[in-house]
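> fold the following and give me the result.
(2 chains)
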Amino acid sequence: MSSTVTFYFPPNYSTIFLLIAANLPCGSVEQEVVLDTTLGCAYLVTVMNKATFRARRRGTSVSFPPKLPPADASDPVIEAYKKDVDRTLLRQNLCFTVEQRWARFQSFLESLEGWRGAAARTHVAETRTKYRTS
Amino acid sequence: MIASLEKVVEALNRVSVKYIVIGGWAAALQGSARSTVDVDIVYARDRENIRRLVAALQPAAPYLRGAPPGLPFRWDEKTIRMGLNFTLTTSLGDIDLLGEVTGGGTYEELSPFTEEVRAFGARCRCVTLERLIQIKRAAGRPKDLEVIAELQALLEERRKLRKRDKTSNKT
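The predicted structure follows:
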């Protein structure tokens, strides 16, 4: 007894590509990605170091809040950095109200901007003088 | 350009945008001694909030930070809906608009870990110190290690202070 086997081919290559793409575990991108194994997400990292796009692995769901270690969890690397923290500044800041901290921080930023502007102007003036003399 | 939180909050509150202040400004309000030049904001992604966000920042002429001049960029609802996180330069200063943040999630997910801050007649929601540390840890960036150490030290100092206040109140 003979049997016949019939093969059905998809009409074109684009269909094959679509079938493969649809079954991939996650979206593929040509740029650098950071894979979050806990959530099964791939984050696209932009030049500004911000995640903009993500593709979730099929069949996985994101549960929030994710299980994060407590804020005061000890870590040897962080403990090493902690030794150099100037706690006097922190204690001083804690004595202020939120409004005072806000005002102080804003005034610091404004003065910083002022100094930056002054430095930039000085640099321009120095460059001009240098070109004139040469 | 250095951002003024006061101006940003004022612009967002004027049209009742749902947002949470995170990052350097949140750390500074909690008592950190570090500086930052931009305002990091997590915004709600619902249609109405996106519409309000667009209206709030429209007068500040937002443009993609670091993008070459002349690159076409339209600040509208469609752009916000199509994207997620935006690093912007505006006339109010540099603003990072985040639809989602690693370890913190979306606006709705981060909301339970916030506290209200009132200053200069304005109010805004700011992420708690504990959550801020967790977000920084989840981001896993080497540059944040020093920041996490400082924030943890701040948390310790705050707990000590509260403990001292409690004992002095009892006596």
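
> now do the helices in chain B.
B:5-14, B:23-30, B:47-57, B:77-82, B:107-110, B:129-139, B:145-170 (DSSP state H).

> highest average neighbour count across these?
Stretch with highest mean neighbour count among those: helix B:23-30 (a mean of 24; mean count of other C-beta atoms under 10 Å in any protein chain shown). The C-beta positions use only the backbone N, C-alpha and C, and glycine is treated the same way.

> which neighbouring elements make contact with that one?
helix A:98-133, strand B:38-43, strand B:122-127, helix B:129-139, helix B:145-170 (3 or more C-beta pairs under 8 Å, 6 or more residues apart in numbering or on different chains; DSSP states H and E).

> quick one, domains of chain A?
Chain A breaks down by automatic domain parsing into domains covering A:7-68, A:75-134.

> in terms of mean pLDDT, which of those domains ranks lowest?
When those are compared by mean pLDDT, domain A:7-68 comes last with a mean of 53.

> which ones are touching the nearest residue to B:Val39 once chain neighbours are set aside?
Distances taken as C-beta to C-beta, 6 or more residues apart in numbering or on different chains place B:Ala3 nearest to B:Val39, at 4.4 Å, with adjacent residues excluded. The contact partners of B:Ala3, by C-beta atoms under 8 Å, 6 or more residues apart in numbering or on different chains, come to A:109, B:37-39, B:92-95.

> circling back to that earlier point, A:Tyr81 is nearest to which of the helices and strands packed on helix B:23-30?
Nearest to A:Tyr81 among the helices and strands packed on helix B:23-30 is helix B:145-170 (3.5 Å), distances taken as C-beta to C-beta.

> hmm, the closest one touching chain A?
Yes. Counting by C-beta under 8 Å from any C-beta of the partner chain, chain A has neighbours in helix B:145-170: B:145-146, B:148-150, B:152-158, B:161.

> cool, and stretch B:107-127?
Yes. Residues of stretch B:107-127 contacting chain A under C-beta under 8 Å from any C-beta: B:109, B:113, B:117-120.

> buried subset of the contacts of B:Ala3?
Buried subset of the contacts of B:Ala3 (neighbour count, 16 or more other C-beta atoms under 10 Å in any protein chain shown): A:109, B:38-39, B:92-95.

> would you turn those residues into CSV with distance to A:Lys67?
Formatted as CSV, those follow (distance: C-beta to C-beta, whole Å):
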residue, distance to A:Lys67
A:Leu109, 36
B:Asp38, 30
B:Val39, 29
B:Leu92, 37
B:Gly93, 35
B:Asp94, 33
B:Ile95, 31
